[in-house]
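Undergrad: After the sequence you'll find the predicted model.
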Amino acid sequence: MAGEYITLENPATYPRFHSNANGVASGKYRSVQRISTKHLILLILLVCSTLIVSYVYWDVMVLTAGALPLSRGTSLAVDDMESSGLGNETLAEKLHREVRVLCWVLTTPKYHKTRAIHILRTWGKRCNKIYFMTSEPDDELPTVVLSKPDSYEVLWGKTKEAFVHIHEQMRHEADWFIKADDDTYLFLENLRYMLYPYSPEIPIYFGFNYKMVGTHQKNESYMSGGSGYVLSREALRIFAEGRNDSSKCRQEDDHAEDVEMGKCLFNLGVKAGDSRDEQLRNRFYPIAPFGALLSGNVGMDFWLYKYAYYNARSCMDCLSEYPVAFHYVDSKQLYVYEYFNYQFQLSGRTQVAERLPKKIREEELVIPESDNPLY
Amino acid sequence: MPRLFSTRRLFLAGKNAIYLLILGTIFYTVTLRLPGSLKPEEVVDRSGPPPPRIFCIISTYEYRHTQVAIHTHRTWVRHCDHYLFVSDYSDHYLEPAVFMHMNDRWHRMRAYLEYVYKYHFHQGDWFLFCNDDNFVVVDNLRHMLKTYSPNELIYFGCKMRAPNGLVYMLEGSGIVFSGAALKRFALAALTNESICSSEAKGNDFTQELGRCLTNVNVIAGDSNIIYYIYLICFHTKYIMNIYNMYYFAYVTRVFGVPRNLNIENERMVLENKTTLIDQSSP
C-alpha cells in the first residue's frame, strides 16, 4: 500500500513536533521514521549490555591486579601486567605494605659470620624488619643484645626476653612477629599470603604443629622452634603481659623453648593455628624438603611421624606449592634455595592467576583437630 | 521500499534482524575476549616446529643403584622423552642396559654410545649423556636446543680447553649430542682406530671424546650464553638435595612474585649451561 508515507505540508500542526529556530522541517521528518518502541527497546538493550560487559571487564581486571601473567604468545609486555591494578603496585608489594612481618633470629656470636650474615643476605632482607638476638653486637647485622647468655640451658629464658623486648620497643613496627633459627629458610611472600586472611588482633600463632607429649589435653599443640613460629600482635601482647604467671608459664629459664612457648600460649588462651594450605599440605616443615618428599628413607619409628599434629606422612606431593619455612638449611644451601625460588626460570612453566584470599573473622575461625593417631 | 522496514512483525524482519545481528556479534566478540575466559593453565606454543625430543642416557654403577640412581629415576628423568639407564648390573626399577666386564670409563662410554645408536636412535633428536648424580632441567634444555637443528654436527656441555688446544667437555656435567653427531661418532669415529683411540683412558675419557669428535668435524657448541636463570644441569654431592631442587624447580611458587621471563642478567656472563654446586653436607 502506498500509505506508508505521510507527507507533511504543515508540520507545526502535529503534536510533539519540535522544529528548529526558523521553523523549517528538519530533514528527518521528510519521511516518517519515528523510532518505534520495539526499536527503542532493542537499542536500549544493546547499549545497556555493552555497558554491563565493559564494567565486568574492568572489574575483573581490577580484581586480578598485578597477578595475572599473560600467555607467552601475546606481545604485551610482562612488566605492563605487573603494574596493572590500582595504584601501580604489584601484589607482593601490596602484601609487604599490608601484612608487616618482623623477623627475629636466635643466634650467637660464634655464628654471626658463618650463618647469620647469610640469612640477612638471602631471606632476611625481605622481612619488614629483622633483628638478630644475640649476646654481642655486630657491625654488619642489626642485633639486639640480650642479657641472657647464649646456651641451650637458658634458651627459653632468651626467647622470653626477646619477645618481651620486641613487645616493649618494637610492637608498632609490625603486625606479625616471627621467630626463626639461624639455619631456617623462610619464604616471606608466602608467609604474608598465609597470614593475609587473619587480623593481627586475633590471639593466634602459626608454625609446624607438634602434639604435646605426656599428660596434656588432646588438642594441645606446640610449634616447632626450628622451622619458626609467628605470633599475631595480640598474641604477643598476651604473652608479654602473662608470662610472669607461674601457674601458666614456666618461670625458670631451662627446658625446650618451643615446648614451653606452646604450653604458655595454650594456658594464656592463644590459639594454635593451622598453617596448612587449602589442600591440607604443610607449609612449615621442621626439616629440609626431601624429608617430606621421600618416604622410604626413614622407618615408621621416625620421630616426626610420632609427634606431628597433622599429616604424618611423606610423599612427593606432600608439601605445599607455597611453602613458608624449612629447617636444618646450612648456609650454602640458603643460597641454593634462594636461587631456585627467586631467580631460576623453568621454560614452559604453567602460569596461574594469583588472587588474595578472603579475610577470616575471628568468630568463624575453625582449627581442625589432630589427625595423627600414632601415639 | 517501505515494505522492507515493516514494523508489524516482531522478530526476524528487516530492521529487527539487523539489530539482533549486531547485538549478537557484539556479545560474541566481547564475551570471548573477557579475561575470565582465558584459562590460566598450560600455554601451548602453537607456532613453530615440534619441540626437540631428548633421549637421556644415565650412567650408573651397581653400588650406586639404591643410594643414588633410584632418586634420579624418581625425580627428573621422567621429563625426558625417553631415557635409558646404563650400568654394570641389573636392577628391578631402573632396568638398565647392562655392560659387564668393562672397567675403563672410556670403553664404557664408547659401548654406551654405540648401543644407543644401534637400538634407540629413532627415539630422540638429541642425546643427553650424564651421571646419576646430575640434576638436569630437561625443559630448559629443550628450550635451549630449540634454536638448533639435530642435523647439525654439534655437541654441548661444560666446555673446557686443554693447554694443548684440545676442546672437550667437563666430565660430570652432562653432554648433549645432536643426532647427527651421535651418528657420525658411531659410524665414523668408533670404527677407525686412527681417528678415535680404543685404549683405556681412565678419568680423561671426555678429553678423548673431545679429540674424537673434533677429528670427525663435530663442533663443540658454545653454550656460554646468558643462561644463568635458565640453568640446565647441576651436580650434587649429597643426593637427597635432588629432591629439594626438583621441588623448587617444578613445584614451589612465591606468591606475588611473577618471575619475569625477560630478565637478562649481564653480570652473569660467566655462567654457562652447567654449574657445579658444592653441597657437601645435607
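TA: Now that the structure is in, tell me what you want to look at. Residues are numbered from 1 along each chain as shown, chains lettered A, B, ... in the order given.
Undergrad: What ranges in chain B fall below the confidence cut-off?
TA: Along chain B, segments meeting pLDDT under 70 span B:1-14, B:32-47, B:223-231, B:258-282.
Undergrad: all helices of it, in order?
TA: B:15-33, B:70-74, B:105-120, B:138-145, B:179-184, B:205-215, B:241-250 (DSSP state H).
Undergrad: which residues touch the third one?
TA: When you say that, I think you mean helix B:105-120. B:55, B:57, B:59, B:82, B:84, B:86, B:97, B:99, B:102, B:127, B:129, B:177, B:182-183, B:185-186, B:190, B:198-205, B:208-209 (C-beta atoms under 8 Å, 6 or more residues apart in numbering or on different chains). Heads up, the C-betas are built off the backbone N, CA and C, glycines and all.
Undergrad: Pull the contacting residues for the residue nearest to A:Thr50 when sequence neighbours are not counted.
TA: Nearest in space to A:Thr50, with sequence neighbours left out and distances taken as C-beta to C-beta, 6 or more residues apart in numbering or on different chains, is B:Ile26 at 6.5 Å. Counting by C-beta under 8 Å, 6+ apart, B:Ile26 touches A:46, A:49-50.
Undergrad: give me phi/psi at residue 238?
TA: Here I'm looking at chain A. With angles defined as degrees, to the nearest 10, A:Ile238 sits at phi -60, psi -40.
Undergrad: wait, I meant chain B there
TA: According to degrees, to the nearest 10, B:Tyr238 has phi -110, psi 110.
Undergrad: what helix or strand is the closest residue to chain B within the stretch 51-200 of chain A on?
TA: Residue of the stretch 51-200 of chain A nearest chain B, by C-beta to the nearest C-beta: A:Ala92 (3.3 Å). Using DSSP states H and E, A:Ala92 sits within helix A:91-98.
Undergrad: Residues contacting that helix, please?
TA: Outside of helix A:91-98, the residues within contact range by C-beta under 8 Å, 6+ apart are A:65-67, A:89, A:128, A:189, A:192-193, A:196, A:354, A:356, B:254-257.
Undergrad: Give me the distance from that helix to the chain's centre.
TA: 9 Å (C-alpha atoms, centre = their mean, to the nearest Å).
Undergrad: With stretch B:152-162 instead?
TA: Distance, stretch centre to chain centre, for stretch B:152-162: 16 Å (C-alpha atoms, centre = their mean).
Undergrad: circling back: of all the contacts of helix A:91-98, which comes closest to A:Arg283?
TA: Comparing these against A:Arg283 with C-beta to C-beta places A:Tyr193 closest, at 9.5 Å.
Undergrad: tally of neighbours for that closest one?
TA: For A:Tyr193, the neighbour count with other C-beta atoms under 10 Å in any protein chain shown is 25.
Undergrad: Get me the contact residues on the stretch 251-375 of chain A for chain B.
TA: Residues of the stretch 251-375 of chain A found near chain B (C-beta under 8 Å from any C-beta of the partner chain) are A:288-290, A:293-294, A:297, A:316, A:319, A:321-323, A:328, A:330, A:332-333, A:336-337, A:340-354.
Undergrad: From those residues, which land in strands?
TA: Nothing among these maps onto strands, per DSSP state E.
Undergrad: and those, which are buried?
TA: Buried subset of these (neighbour count, 16 or more other C-beta atoms under 10 Å in any protein chain shown): A:288-290, A:293-294, A:319, A:321-323, A:328, A:330, A:333, A:336-337, A:340-342, A:344-347, A:349, A:351, A:354.
Undergrad: dump the residue contacts of the closest residue to the residue of the stretch 51-200 of chain A closest to chain B other than its chain neighbours.
TA: Excluding the flanking residues, the one nearest A:Ala92 by C-beta to C-beta, 6+ apart is B:Gly256, at 3.3 Å. Counting by C-beta under 8 Å, 6+ apart, B:Gly256 makes contact with A:66-67, A:90-95, A:189, A:193, A:354.
Undergrad: for B:Val254, same thing?
TA: By C-beta under 8 Å, 6+ apart, the contact set of B:Val254 is A:92, A:187, A:189-190, A:322, A:341-342.
Undergrad: same check, this time on A:Ser331
TA: Counted by C-beta under 8 Å, 6+ apart, A:Ser331 has contacts A:114-115, A:118, A:183.
Undergrad: Dump the contacts of B:Gly256 to CSV, plus pLDDT.
TA: CSV is the format used below for those (pLDDT from 0 to 100):
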residue, pLDDT
A:Gly66, 47
A:Ala67, 48
A:Thr90, 77
A:Leu91, 82
A:Ala92, 82
A:Glu93, 86
A:Lys94, 88
A:Leu95, 90
A:Glu189, 93
A:Tyr193, 94
A:Glu354, 84
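Undergrad: Show me which of the residues you listed are buried.
TA: A:66-67, A:90-92, A:94-95, A:189, A:193, A:354.
Undergrad: coming back round to it: neighbour-wise, which of the contacts of B:Ile26 leads?
TA: In terms of neighbours by other C-beta under 10 Å, the contacts of B:Ile26 top out with A:Leu46 at 16 neighbours.
Undergrad: Now that residue: closest residue in space that isn't a chain neighbour?
TA: For A:Leu46, ignoring the flanking residues on the chain, the nearest one in space by C-beta to C-beta, 6+ apart is B:Leu23 at 5.2 Å.
Undergrad: Next: A:Arg361.
TA: A:Ser199 (7.9 Å).
Undergrad: Wait, A:Phe177 touches A:Gly228, no?
TA: No. With contact defined as C-beta atoms under 8 Å, A:Phe177 does not count as touching A:Gly228 (10.8 Å).
Undergrad: per-residue confidence for A:Tyr339?
TA: Note for A:Tyr339: predicted pLDDT of 89.
Undergrad: Relative to B:Ala162, how far out is it?
TA: As judged by C-beta to C-beta, to the nearest Å, A:Tyr339 and B:Ala162 stand 30 Å apart.
Undergrad: More neighbours: the two, which one.
TA: Between A:Tyr339 and B:Ala162, counted using other C-beta under 10 Å, the more crowded position is A:Tyr339 (18 against 12).
Undergrad: show me what contacts that one?
TA: Not one residue lies near A:Tyr339 by C-beta under 8 Å, 6+ apart.
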